[in-house]
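1. Okay, here's the prediction I keep looking at, along with the sequence it came from:
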Amino acid sequence: AQTVTQSQPEMSVQEAETVTLSCTYDTSESNYYLFWYKQPPSRQMILVIRQEAYKQQNATENRFSVNFQKAAKSFSLKISDSQLGDTAMYFCAFIPNSGYALNFGKGTSLLVTP
Amino acid sequence: GAGVSQSPSNKVTEKGKDVELRCDPISGHTALYWYRQSLGQGLEFLIYFQGNSAPDKSGLPSDRFSAERTGGSVSTLTIQRTQQEDSAVYLCASSFTEDSDGYTFGSGTRLTVV
């Protein structure tokens, strides 16, 4: 079985500060993909960033970057220069190369305050 | 269309009634997924379509739930004899086959059973 764990149900950060959201996963697969999705109040899941497990280099998308530790099965998301529009639920997700269905964690609710 | 379209956006139904939820995926996306998101929970996988076939129905919670996809496009999720525990947001996503680039999600249908 493959599981994704997000240990922080809620987090808060001040505008312009940096925040890190944690995610760990469990799998016996060697090739897989990891994702962070953002879900604002509009409910639509938006892909934030994607990481291929066979790549050592951490993925970066503008203010969003990940710290991927394959041996530790850890995949944290760092948001730099937080903006009010970053307020949302953030979900970590995993899909093995041999599979098709994304496995999601339970999410972290992030509040960015002025 | 430009994105994944789901209808209705919100649905309130009486316990015991049947409901149909519709998903119109991105044109050309062969894979289609249904997820359920209950309050405070992550996304629960329900069913996956490749074309019109459903290789994996393992996530459907009970035999009251069924889904079909016609013409390799629109999908309908049907819940018969709705129960209060069926209240949730039902999210649909589509992708080019089993796409490791991640899915594109719709905005979901919020179902409330009263």
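-> Yes, it's here.

2. Show me what the worst-scoring helix or strand of chain B on mean pLDDT pairs with in its sheet, parallel or antiparallel.
-> When the helices and strands of chain B are scored by mean pLDDT, DSSP states H and E, strand B:53-56 comes last with a mean of 88. In the sheet, strand B:53-56 lines up against strand B:43-50 (antiparallel) (DSSP bridges).

3. quick one: contacts for B:F45?
-> Counting by CB atoms under 8 Å, 6 or more residues apart in numbering or on different chains, B:F45 makes contact with A:101-103, B:33-35, B:59. Where C-beta positions appear, they are placed from N, C-alpha and C, glycine not excepted.

4. For it, which non-adjacent residue is closest in space?
-> B:G59 (4.3 Å; CB to CB, 6 or more residues apart in numbering or on different chains).

5. residues in contact with that neighbour?
-> B:G59 neighbours (CB under 8 Å, 6+ apart): A:101, B:44-47.

6. quick one: which of those residues is nearest to A:S82?
-> Using CB to CB, B:E44 comes nearest to A:S82 of the contacts of B:G59, at 29.4 Å.

7. check whether stretch B:15-31 contacts chain A.
-> Yes: with CB under 8 Å from any CB of the partner chain as the criterion, chain A is reached by stretch B:15-31 at B:A31.

8. end to end, how far does that stretch reach?
-> Start and end residues of stretch B:15-31 are separated by 32 Å (CA to CA, to the nearest Å).

9. can you pull the buried residues of it?
-> Going by neighbour count (16 or more other CB atoms under 10 Å in any protein chain shown), the buried part of stretch B:15-31 is B:19, B:21, B:23-26, B:29-31.

10. Chain B contacts on chain A?
-> Proximity of chain A to chain B (CB under 8 Å from any CB) is limited to residues A:4, A:33, A:35, A:37, A:42-47, A:50, A:52, A:91, A:95, A:97, A:99-107.

11. Could you report the neighbour count for the spatially closest residue to B:Y48 that is not a sequence neighbour?
-> Once flanking residues are discounted, B:Y48 sits nearest to B:D56: 4.7 Å by CB to CB, 6+ apart. By other CB atoms under 10 Å in any protein chain shown, 17 other residues sit near B:D56.

12. middle-most residue in chain A, spatially?
-> Most central in chain A under CA atoms, centre = their mean is A:W36, positioned 3.3 Å from the mean C-alpha point.

13. The lowest-mean-pLDDT helix or strand in chain A pairs with which strands?
-> Least confident helix or strand of chain A, by mean pLDDT, DSSP H and E, is strand A:60-61 with a mean of 90. Applying DSSP bridges to the sheet, strand A:60-61 is found paired with strand A:64-69 (antiparallel).

14. Give me the buried positions along the strand it pairs with.
-> For strand A:64-69, the neighbour count (16+ other CB under 10 Å) marks A:64-66, A:68 as buried.

15. If we only consider these, which is nearest to A:Q8?
-> Set against A:Q8, the nearest of the buried residues of strand A:64-69 by CB to CB is A:V66 (15.5 Å).

16. which ones are touching that closest one?
-> Contacts for A:V66 were tallied using CB under 8 Å, 6+ apart; they are A:34, A:36, A:49, A:51, A:58-60, A:75-78.

17. Look up which residues are beta-bridged to A:D26.
-> With DSSP bridges as the criterion, A:D26 is bridged to A:T3.

18. per-residue confidence at it?
-> Looking at A:D26, its pLDDT is 93.

19. just B:R81 next, same as before
-> 98.

20. which phi and psi does A:G85 have?
-> Phi and psi for A:G85, reported as degrees, to the nearest 10, are phi -70, psi -10.
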